Structures are given as C-alpha cells and as structure tokens.
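# Provided below for reference: sequence and predicted model.
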Amino acid sequence: MIRINENYQKLAASYLFSEIGRRISAFAAANPDKPIIRMGIGDVTEPLPPACIKAFHEGVDEMANRATFKGYDNNGVGYDFLRKLIAENDFAARGANISADEIFVSDGSKCDTGNIQELFANDITIAVPDPVYTVYVDTNVMAGRTGANENGRYDGLVYLEANEANGFVPAVPAQKADLIYLCFPNNPTGATASREQLTAWVEYAHANKALILFDAAYVAFIRDPKIPQSIFEIEGAREVAIEFRSFSKTAGFTGTRCAYTVIPKDLVAYDKSGKAHSLHAMWNRRHTTKFNGVSYPVQKAAAAVYSAEGQTQVREITDYYLRNAAHVRKVFTELGYACTGGDNSPYIWVKVGGDSWDFFDRLLNEQQVVCTPGAGFGRCGQGYVRLSAFNSYENVVTAMERISKILKK
Ligand SMILES: *Cc1c(COP(=O)(O)O)cnc(C)c1O
C-alpha cells in the first residue's frame, strides 16, 4: 500500500495567497464593472532591464550555433563567468570575502531556502521569525521537524517575535536554537537590520554553535549606506552563516528564474559524535545530485545585471518601486497610521489595528484595493497589513486616493 508523508497533514489548511485569490474572485464575479488594484502582490511588474534582454537574446543565438552551443553546465553549480561577477560585485566590493566557488547558482531562492533544511538533523531546534516568509516554516513541517499546529503556531519551533517594541527586528532569544532563519530587508515587514543587530546574531550563533540562514532577496532596495547588504559584511559570519540571494526582485527575474546561495568553505555542522563536517561539501553533493543547472541564456542575462548599463537600469527599476513605496508610506502616515518599511524595502507594513482580514475585506469591498492581511504571516502579523510597491506609479496613486476616502480619521 502506497502511504503518504503524514507531515503534510500538519500544514496549516489555508494558504494565504489562495484565500486572498478566492476573496478577490468572489468580489470580481459579483462586481464585474469595478476595477481592482492589487497592492498585495509580491511579484514584480516592470519588464526585464534592456541589458539583460540583450544578453538573453545573445545566449539564445549561441545555443543555435554548433560552435557556441552549450550542454550541461559545470555540474549545475553555475558558470564561472557568473559566479566571478557575483563574488566581485556583491561581496568583494562591499568588503566581504567570498570566493566564486562558494557560490551555487540556482533557479530560485524559494527552492534554496526550502531545500537547505535537508542538510540538517531532524531533532535540531529551529528559530523562525513571526511574521515569516512561510517557506521557512512549511518546508520544516514537511520534513517532520515540528509537532502539530495549535492556534497558528507549530509545536517545537522557536518563534522570534517582530513587533513595535523591537522595531520589527527580533532580538536574540534567551534560549538556544541551532538553526535561525533571518530575512532583511524583511518580507513582510520591510524592516532592515543594523550592523549592531546582525553582529548580535553572529555572536549568538558562535556561542551556540548555531547556523544563520540569511535571506537577502530584497537587498537591491537598500539605499541607506549604513545598512549592511550581506551578512558576510559582519565579522565572523563566514563560520556561522549561509546567504540566499535572488535576481527575482533585484532585476525582475521572477518569471526568468535565477538566484544563488553562498556557502563559505569554513562553515561546518556537527554529527552525533561532535565531529565537524563541511556544509559546502554537503550542499555541493546535494545540488549536483538533485539539480542540473540554470539555463545558459538565463545565466547570461543574470551576468548582464553587473554590466555598467545593467547596474544603471536595475537602479532605475528599483528606484521606480521605491517611489511607489514612499508614496504609500506618506499617505498612510498622513492618515495617522504607523508604518514600517517602504524606504529601504518595497513593502510597507501598516498598523491597522483589529483584525487584518476585516481590514482586507474593507479595502477590497469598499474601494477595490487589495492588500495582504498580516495575520497570514503569523500571529504577530495580526492587526497589520502589507502593502506592496510592485505596481505602476499611476495605479499606486489611484489606490492611495481611494484608500484615503475611507480612512480619513
Ligand atoms: C521573493 C522572495 C524570494 C525569491 O524567491 P525566488 O524563488 O528567487 O523568486 C526569496 N525570499 C523571500 C523572502 C522572497 O520574498
């Protein structure tokens, strides 16, 4: 008899974005004449930078010619031309010492942040932020590292609460954790972590022989020069951290697919007897066993992000979204709502009070604007909503005009 992995039965029943989709469809079916503006999405709306499109085309042409045709790439870890550009531009240029062979190119950070847990024992203690990017939690639930879900929290996980009191940057917990998920600039809160705050986490990891998984998917939105862009800018991080980066939000690659994971060669984790093992070697084994690489034209397109034109164009696109974010933040602030994010992040986390789903329904039903209810990201998200800057400026202005009509206090 074929049997199931019963851990899947523990997953919280309603997936946030399918419930949002259901409510939007129901409203649209009943009100076909009322145009909806979606400010809830975590997906980019601007096309790829022209420099990437040009390189993408060139890559396709090379595949059409026997002399330049490419088959499998380098065991699937990424072409050297791309890994070198990443090491130089994203790390060396910021004083972080990362070599090209510590970079594993992949088709997405969702997969990487979801798959990385395969390297670790089942009885480790895992700390996750609340509110959280749900991939970190659900992939550990599927692997059987949690108990049941009671009142929106899984038994066995340590929840790192992000709230007004700590400025939405969780402090290190009093208890021990072995694996810690951090995401800055944060999805969903838009909060960023300072050098001092990240240093405290690196010190905690050293003290506890723990590992930090640092998701920097939104790094391209950081404008404040004091905010670290990489965990590897923090001294001692090479021994205790893995970093995930993606071209999705940086350069509009959500539909093109390219990301990378940085695993320093110094990084170790321990077996039962306390013997240290290289995580770089283990991830290399896993990646080359289960993955066969990102397509050549896509890696060419990703490399073009680092050209002079690519850098200018990526900056223009992220500036465009940041202008949207600033407008959303300004209007909500003027209406008297406390906001986080929206300056070094495309997300604005608005304190609306009460039930986040009620606020969601009100915006949708009364003004046809879609936000994301904070409660869908965890218990600490109750009373908040996430607004996304991924839309046209015109739509953002219209959405904020509509919202202002009903929220004037
Ligand atoms: C969008 C996003 C990613 C990127 O995912 P891809 O699979 O690379 O598109 C990673 N982490 C967070 C928190 C995100 O919001």
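Okay, I see it.
# So for residue 8, what's the nearest residue that isn't a sequence neighbour?
Using CB to CB, 6 or more residues apart in numbering and skipping residues adjacent in sequence, the residue nearest residue 8 is residue 142, 6.2 Å away. Bear in mind the C-beta positions are built from the backbone N, C-alpha and C, glycine included.
# Same question for residue 31.
Counting by CB to CB, 6+ apart, the residue nearest residue 31 is residue 368, at 7.8 Å.
# Does the one you found touch residue 39 like I think?
No: contact status for residue 368 versus residue 39: not in contact, 10.7 Å apart, counting by CB atoms under 8 Å.
# quick one, strands of the stretch 251-400 of the chain?
Counting by DSSP state E, counting those that start in this stretch, one finds strands in the stretch 251-400 of the chain at the ranges 259-262, 268-270, 276-278, 339-341, 347-351, 369-370, 372-373, 384-388.
# what's near enough to touch residue 80?
74, 100 (CB atoms under 8 Å, 6 or more residues apart in numbering).
# quick one: it and the ligand, what's the gap?
Distance, residue 80 to the ligand, using CB to the nearest ligand atom, to the nearest Å: 21 Å.
# Same question for residue 302.
Counting by CB to the nearest ligand atom, the separation of residue 302 from the ligand is 11 Å.
# Pick out the residue of the stretch 51-200 of the chain closest to the ligand.
Nearest residue of the stretch 51-200 of the chain to the ligand (CB to the nearest ligand atom) works out as residue 108 at 2.8 Å.
# Excluding chain neighbours, give the residue nearest to that residue in space.
Nearest one to residue 108, counting by CB to CB, 6+ apart, is residue 259 at 4.9 Å.
# now swap in residue 39 and tell me
Ranked by CB to CB, 6+ apart and with sequence neighbours excluded, the top spatial neighbour of residue 39 is residue 387, at 5.0 Å.
# quick one: pLDDT of the residue lying closest to residue 300 once chain neighbours are set aside?
Once flanking residues are discounted, residue 300 sits nearest to residue 59: 3.7 Å by CB to CB, 6+ apart. Model confidence at residue 59, expressed as pLDDT, equals 98.
# For residue 59, list the residues it contacts.
Neighbouring residues of residue 59 by CB under 8 Å, 6+ apart: 296, 297, 298, 299, 300, 301.
# what residues are up against the fifth one?
With CB under 8 Å, 6+ apart as the criterion, the residues that contact residue 300 are 55, 56, 58, 59, 62.
# I'd say the last one and residue 295 touch.
It stands for residue 62. No: under the criterion of CB under 8 Å, residue 62 makes no contact with residue 295, lying 11.7 Å away.
# According to the record, where do the domains of the protein fall?
6-47+309-407, 52-307 (automatic domain parsing).
# And for whatever residue of the stretch 301-409 of the chain ends up closest to the ligand, the neighbour number?
Closest to the ligand within the stretch 301-409 of the chain is residue 347: 8.8 Å, counting by CB to the nearest ligand atom. Using other CB atoms under 10 Å, residue 347 has 26 other residues around it.
# Compare residue 62 and residue 295 (neighbour count), which wins?
residue 295 (18 against 15).
# For the more buried one, give its distance to the ligand.
Distance of residue 295 to the ligand, given as CB to the nearest ligand atom: 15 Å.
# Then residue 298?
Applying CB to the nearest ligand atom, the value for residue 298 to the ligand is 12 Å.
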